[in-house]
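1. could you look at this predicted model? Sequence included:
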Amino acid sequence: MKLQQNARLALYAALEFAADPSRQLSAAEIAAKYRISTHHLAKVLRKLGRAGLLRAARGVGGGYRFAANAKRVTLLDVIGLFEQIGAARARGARRAEERALEEVLAEIDDIARATFGSITLATMLKLVGRRAQRPPGAPGRAG
Amino acid sequence: MIYLKKIRGATRADLAQIVAIDAGITGLRKPAYWSGILSRYGTRQRHRYFLVAENDRAVQGYIVGEVRDWEFGSPACGWVFGLGVRPEARLAGVGARMLEAICERFRRAGVTTVRTLLARDNQLVLAFFRSQGMMAAPFIPLQMELE
């Protein structure tokens, strides 16, 4: 499963903001952390702002604050602002082989959507916290 | 805000409320099903658990599960196959308290993993279990239509 860069950046940014809703962050601060273009991230943040997830902060330095409920916003809500899971699928498959393959790919898309749709930003932050306590490369474990 | 008095084993006296909670969620009243569940998973059934969360006034939710051994080659693990919370009691930690209670019983039974199975479109309950730390299990559920 691969996410387009904008969706991935939006998730990272949403998590940064949701981790501390009172904190004001600029595109430059987040871009520096993830070593990405500030200009590119600024576009992503504007889209998150238009969707109501972020609120532009007034005052020195500008930036944004989190404006949503991290227990209600799912990864799919954020990803969906930038790409549709499975949207690139070939339309109008006619042959039985094409239709059979489409059915299998649609199954994978359904699972991906269900997974992204069931994980809220709050849940993701818990997962980030657990991962931070574990050395890189250590096997994952539920619970 | 819901102040839970305790999590305890379900009894026959709770059945009407359990049926009502389930019917409120699924739209189907299943008194015979829940009576059967109580008989098979009620108190004093080894490694089977049917718990309810109650406050002073009413049953606020239920959870059902058991320890299953060597199912499809899996070592013994806890299974949760029923969970319901009154809509007005949601977001108050009732589900989390019940899940923790049944997990504690699973731990005492000697298992270290808990699983559940949900419809892909059941986002509410999927999100709940995810929020409690559950991740995808190393299984893929399959089915086919019988002709």
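-> Alright, I've got the coordinates.
2. for the spatially most central residue of chain B, what are its contacts?
-> Nearest to the mean C-alpha position of chain B, counting by Cα atoms, centre = their mean, stands B:Ile63 at 2.8 Å. Going by Cβ atoms under 8 Å, 6 or more residues apart in numbering or on different chains, B:Ile63 touches B:Tyr49, B:Phe50, B:Leu51, B:Ala53, B:Val80, B:Gly82, B:Leu83, B:Gly95, B:Met98, B:Leu99, B:Ala101, B:Ile102. Any C-beta I mention is one placed from the backbone N, CA and C, and that applies to glycine too.
3. skipping its backbone neighbours, what lies nearest it in space?
-> Leaving out its chain neighbours, the residue that sits closest to B:Ile63 by Cβ to Cβ, 6 or more residues apart in numbering or on different chains is B:Met98, at 4.1 Å.
4. just the CA coordinates of the helix or strand encompassing that neighbour, formatted as PDB?
-> Here B:Met98, judged by DSSP states H and E, is contained in helix B:94-108. C-alpha atoms of helix B:94-108 as PDB (Å, rounded to 0.1, in the frame of the first residue of the first chain):
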ATOM      1  CA  VAL B  94     -17.900   1.800  29.300                       C
ATOM      2  CA  GLY B  95     -16.600  -0.300  26.400                       C
ATOM      3  CA  ALA B  96     -13.000   0.200  27.500                       C
ATOM      4  CA  ARG B  97     -13.800  -0.800  31.100                       C
ATOM      5  CA  MET B  98     -15.600  -4.000  29.900                       C
ATOM      6  CA  LEU B  99     -12.800  -4.900  27.500                       C
ATOM      7  CA  GLU B 100     -10.200  -4.400  30.200                       C
ATOM      8  CA  ALA B 101     -12.300  -6.600  32.500                       C
ATOM      9  CA  ILE B 102     -12.600  -9.400  30.000                       C
ATOM     10  CA  CYS B 103      -8.900  -9.100  29.100                       C
ATOM     11  CA  GLU B 104      -8.000  -9.400  32.800                       C
ATOM     12  CA  ARG B 105     -10.000 -12.700  32.900                       C
ATOM     13  CA  PHE B 106      -8.100 -13.900  29.700                       C
ATOM     14  CA  ARG B 107      -4.800 -13.100  31.400                       C
ATOM     15  CA  ARG B 108      -5.800 -15.100  34.500                       C
END
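5. for it, packing partners?
-> strand B:6-9, strand B:48-54, strand B:59-68, strand B:77-85, strand B:114-116 (3 or more Cβ pairs under 8 Å, 6 or more residues apart in numbering or on different chains; DSSP states H and E).
6. avg pLDDT for the third one?
-> Right, strand B:59-68. Mean per-residue pLDDT for strand B:59-68: 96.
7. parallel or antiparallel, which strands does that strand pair with?
-> Sheet pairing of strand B:59-68 (DSSP bridges) gives strand B:48-54 (antiparallel), strand B:77-85 (antiparallel).
8. most packed of the ones you listed?
-> Mean neighbour count (mean count of other Cβ atoms under 10 Å in any protein chain shown) peaks for strand B:48-54 among those, with a mean of 22.
9. so that one versus helix B:94-108, what angle?
-> With axes from the mean of the first three to the mean of the last three Cα atoms, to 10 degrees applied, the angle from strand B:48-54 to helix B:94-108 works out at 150 degrees.
10. how about the closest residue to A:Lys43 other than its chain neighbours, phi and psi?
-> Setting aside the residues directly before and after it, A:Lys43 is nearest to A:Asn6 in space (Cβ to Cβ, 6+ apart), at 7.9 Å. In terms of degrees, to the nearest 10, the main-chain angles of A:Asn6 are phi -60, psi -40.
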